[in-house]
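**Q** Requesting a structural model of the entry that follows:
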Amino acid sequence: MDISRLAQIESCANELARAAKSLAEYCQTTTGPGADAEPSASLPFVPADGPSQAHRARRSIFASAAKLQNLIAEPGHFIERLASQVSSRG
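**A** Next up, the predicted model:
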């Protein structure tokens, strides 16, 4: 693995950590949909009218996780994953 790819992995992992921290902070300040529900029971649920920062954090987590998978996957695994995504849509 070359240095630039390692730098991309590190950058992506840092972005994932930042987004996860942001979402965790949002989750710690909410109690979920039911007043008697445990806070962790519905988390990391972000309602449609929830803060845009929480929605951005969720999208960033998904994007960073997907990018990390692509960066660390071997060619065969990458093709296998693409094939499973295509077959699950059809």
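**Q** drop to CA atoms for contacts and neighbour counts, all remaining ones
**A** Noted.
**Q** Could you tell me which residues within stretch 49-64 count as buried?
**A** Neighbour counts using 16 or more other CA atoms under 10 Å place 54-55, 57-58, 60-61, 64 of stretch 49-64 among the buried residues.
**Q** mind putting the residues you listed in a markdown table, distance to Leu16 and secondary structure included?
**A** Formatted as a markdown table, these follow (distance: CA to CA, whole Å; DSSP: H, G, I helix; E, B strand; the rest coil):
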| residue | distance to Leu16 | secondary structure |
| --- | --- | --- |
| Ala54 | 13 | helix |
| His55 | 14 | helix |
| Ala57 | 9 | helix |
| Arg58 | 10 | helix |
| Ser60 | 7 | helix |
| Ile61 | 5 | helix |
| Ser64 | 6 | helix |
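**Q** pLDDT added to the residues you listed, as TSV?
**A** Output for the buried residues of stretch 49-64, formatted as TSV (pLDDT from 0 to 100):
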residue	pLDDT
Ala54	93
His55	95
Ala57	96
Arg58	94
Ser60	97
Ile61	96
Ser64	97
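**Q** Ala66 and Arg59: what is the separation?
**A** Using CA to CA, to the nearest Å, Ala66 is found at 11 Å from Arg59.
**Q** picking up where we left off before, right, and out of the buried residues of stretch 49-64, which lies closest to Ala83?
**A** Closest to Ala83 out of the buried residues of stretch 49-64 is Ser64 (20.3 Å), distances taken as CA to CA.
**Q** what sits against the closest one?
**A** 12-13, 15-16 (CA atoms under 8 Å, 6 or more residues apart in numbering).
**Q** Return the distance of it relative to Ser22.
**A** In terms of CA to CA, Ser64 sits 14 Å off from Ser22.
**Q** Likewise for Ser84?
**A** 31 Å.
**Q** per-residue confidence at Ala20?
**A** On pLDDT, Ala20 comes in at 96.
**Q** Now do the SS call for it.
**A** Judged by DSSP: H, G, I helix; E, B strand; the rest coil, the three-state class of Ala20 is helix.
**Q** Identify the residues contacting it.
**A** 57-58, 61.
**Q** chain center to the helix or strand of the chain with the lowest mean pLDDT, what's the gap?
**A** Among the helices and strands of the chain, helix 75-89 carries the lowest confidence by mean pLDDT, DSSP states H and E, at a mean of 75. Averaging C-alpha positions (CA atoms, centre = their mean, to the nearest Å) puts helix 75-89 19 Å from its chain's average.
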